[in-house]
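Chemist: give me a model of this one.
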Amino acid sequence: MNTLSRLALTVAVGAFTVPALAATPTAADVAAHNALLSTLRAGPAKDQTAAAAGAKAYGHNTSPGSPTPNAYRTYPPSCAAYPLPDAPSGPAGQIYTTTMQFWTRDAAGNPVTPEVVGVTIWRIACSSGGYVTPYNTTGNFYNSMTLMRVDRDASVDHHRDLPYPTFPFLQTNQGTTDLTDDSTRVRAAAEPNTVMADGSYDSPIYDSTTYVLENFNLGANYYHEYNDAFTLIINPGLGDPDPGVRTFDIAAYSPTTSTYPDAFNPLPIDGYLSTSWFSPDHGGEGMEVQVYDGDANSRTFTAGWYASDSTGRPFWLFAQGNVPIGATTVQTTAVYVSGGGFAGSAGNATTNQWGTVTFSFPDCNHMHFTYNGQTDAATAGPSGNGTRDWIRVANTNGLACE
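Modeler: Numbers count the residues shown, from 1 in each chain. Below you'll find the predicted structure:
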């Protein structure tokens, strides 16, 4: 019986208790752990195009990739950035936690008594703009990111000179109950928005770490939808016959204003909102929004408002304001320029105060703003006050807000 078949049998009979390993693993335990390691290293290769026979010193592609969203992503790229949260949030009934033993090695790499770690799984709310995406095939559902944290005891956390636990083998039976199928594998990365990064089986865990559940870029069969209900299977590979498997039955993500309020709140203002915005009800008017890096605590928000005066002549307003990182609303001061030139021609440009514009973004696809301002009488430019709701023209390359 191969290693994955033995795992399938273990899960089927419900052997989820942690074995009481009080000493260094036996030779049989080490053999079983290494057999799983060999199986995992060999498995995905059969799903990739075989390399041509013969010696190969270099490849053929001399250019790097171009920014584009991961085709196998499991959440909106705009959902989160590094570092990931180090504490769970959300309703108590949807925070899944346990303690379990992980395969452990000493500083020289030798197997030693397994370390007990804490494992927590939870979701965080993401933007839900109604886009059709690989993880939301109709655009009608709310989006989330599924996180898994491994916590070490404070007395050993961050130490490189002490024995360390190693990363387990992750699987899900979503889509198939055949756990010998390589497509049940789950990729976990310590940084979001990656394509290949993986907490690979038997790799060191020196620090308590939060991972985001991802898909392997190996074809449609490897795609898992973590917004749906699924079972996460964690196998530390402790030995034979009982590898110390734990399973988590994760309920489908279905937020309410009380369970996941962030799913219904305006978005934090960041670069993913940089794009063109307009009203589909009329043409000839729009805004170009840009969000720039500031200091460690704030960003600079700008908006160029392409408008017209009462005679129909084009007239620009320029709005700018500082926004604290994480804020969902920004108030800007708007100005207009008079007396300028064109393409470097002579002009005596003067910047004039117009008024204020306050922005918020209910989701990636909608911008809400209120305005109040006027030009001087001689300029006779656009003036007034009110509230508008506009929509996004398109995503900016490399900054897909979904």
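
Chemist: ok, then the element right after the top helix by length along the chain?
Modeler: Longest helix of the chain, by residue count under DSSP state H: helix 27-42. Using DSSP states H and E, the next helix or strand after helix 27-42 towards the C-terminus is strand 96-105.

Chemist: just the CA trace of the longest helix of the chain, in CSV.
Modeler: Taking Å, rounded to 0.1, in the frame of the first residue of the first chain, the C-alpha atoms of helix 27-42 are listed here in CSV:
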residue,chain,number,x,y,z
ALA,A,27,13.1,3.7,12.4
ALA,A,28,9.6,2.7,11.1
ASP,A,29,8.3,6.2,11.9
VAL,A,30,11.2,7.8,10.0
ALA,A,31,10.7,5.4,7.1
ALA,A,32,7.0,6.3,6.8
HIS,A,33,7.7,10.0,7.1
ASN,A,34,10.4,9.9,4.4
ALA,A,35,8.2,7.7,2.1
LEU,A,36,5.5,10.4,2.2
LEU,A,37,8.1,13.0,1.4
SER,A,38,9.3,11.0,-1.6
THR,A,39,5.7,10.5,-2.8
LEU,A,40,4.9,14.2,-2.5
ARG,A,41,8.0,15.2,-4.4
ALA,A,42,7.3,12.9,-7.2
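
Chemist: that one packs against which elements?
Modeler: Applying 3 or more C-beta pairs under 8 Å, 6 or more residues apart in numbering; DSSP states H and E, one finds that helix 27-42 contacts helix 3-12, strand 111-125. Every C-beta, even on glycine, is put in place using the N, C-alpha and C of the backbone.

Chemist: give me that answer again for 10 Å
Modeler: On a contact count with 3 or more C-beta pairs under 10 Å, 6 or more residues apart in numbering; DSSP states H and E, helix 27-42 meets helix 3-12, strand 96-105, strand 111-125, strand 169-172.

Chemist: that one: which residues count as buried?
Modeler: Under the neighbour-count criterion of 16 or more other C-beta atoms under 10 Å, helix 27-42 has D29, V30, A32, H33, L36, L37, T39, L40 buried.

Chemist: any idea how far V212 is from A343?
Modeler: 48 Å (C-beta to C-beta, to the nearest Å).

Chemist: contacting residues for A229?
Modeler: By C-beta atoms under 10 Å, 6 or more residues apart in numbering, the contact set of A229 is Q174, D249, I250, A251, A252, Y253, S254.

Chemist: domains of the chain?
Modeler: Following automatic domain parsing, one gets these domains for the chain: 3-40+68-255, 271-392.

Chemist: okay, these, which one's buried deepest?
Modeler: Highest mean neighbour count of those: domain 3-40+68-255, a mean of 18 (counted as mean count of other C-beta atoms under 10 Å).

Chemist: need the mean per-residue confidence for that one.
Modeler: For domain 3-40+68-255, the mean per-residue pLDDT is 88.

Chemist: now do stretch 371-390
Modeler: 95.

Chemist: and it, C-alpha only, in PDB?
Modeler: Output of stretch 371-390 as PDB, limited to C-alpha atoms (Å, rounded to 0.1, in the frame of the first residue of the first chain):
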ATOM      1  CA  TYR A 371     -18.700  67.600  -3.400                       C
ATOM      2  CA  ASN A 372     -19.200  71.300  -2.500                       C
ATOM      3  CA  GLY A 373     -17.300  74.100  -4.300                       C
ATOM      4  CA  GLN A 374     -17.300  77.000  -6.800                       C
ATOM      5  CA  THR A 375     -15.100  79.000  -9.000                       C
ATOM      6  CA  ASP A 376     -14.800  82.800  -8.900                       C
ATOM      7  CA  ALA A 377     -17.400  84.800 -10.900                       C
ATOM      8  CA  ALA A 378     -14.900  85.800 -13.600                       C
ATOM      9  CA  THR A 379     -13.900  82.200 -14.300                       C
ATOM     10  CA  ALA A 380     -17.600  81.000 -14.300                       C
ATOM     11  CA  GLY A 381     -16.600  77.400 -14.000                       C
ATOM     12  CA  PRO A 382     -18.500  74.400 -12.600                       C
ATOM     13  CA  SER A 383     -20.000  75.000  -9.200                       C
ATOM     14  CA  GLY A 384     -22.400  73.300  -6.900                       C
ATOM     15  CA  ASN A 385     -22.800  70.600  -4.300                       C
ATOM     16  CA  GLY A 386     -24.200  67.100  -4.200                       C
ATOM     17  CA  THR A 387     -23.600  63.400  -4.100                       C
ATOM     18  CA  ARG A 388     -22.700  61.000  -6.900                       C
ATOM     19  CA  ASP A 389     -22.100  57.300  -7.300                       C
ATOM     20  CA  TRP A 390     -19.900  56.300 -10.200                       C
END
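
Chemist: what about it, distance to the chain center?
Modeler: Its chain's C-alpha centre and that of stretch 371-390 lie 39 Å apart, by C-alpha atoms, centre = their mean, to the nearest Å.

Chemist: same check on stretch 145-163?
Modeler: The chain centroid and the centroid of stretch 145-163 are separated by 21 Å under C-alpha atoms, centre = their mean.

Chemist: ok so, going back, possible to save the buried residues of helix 27-42 as a markdown table with distance to Y164?
Modeler: What follows is these, written out as a markdown table (distance: C-beta to C-beta, whole Å):
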| residue | distance to Y164 |
| --- | --- |
| D29 | 17 |
| V30 | 17 |
| A32 | 20 |
| H33 | 15 |
| L36 | 19 |
| L37 | 16 |
| T39 | 23 |
| L40 | 19 |
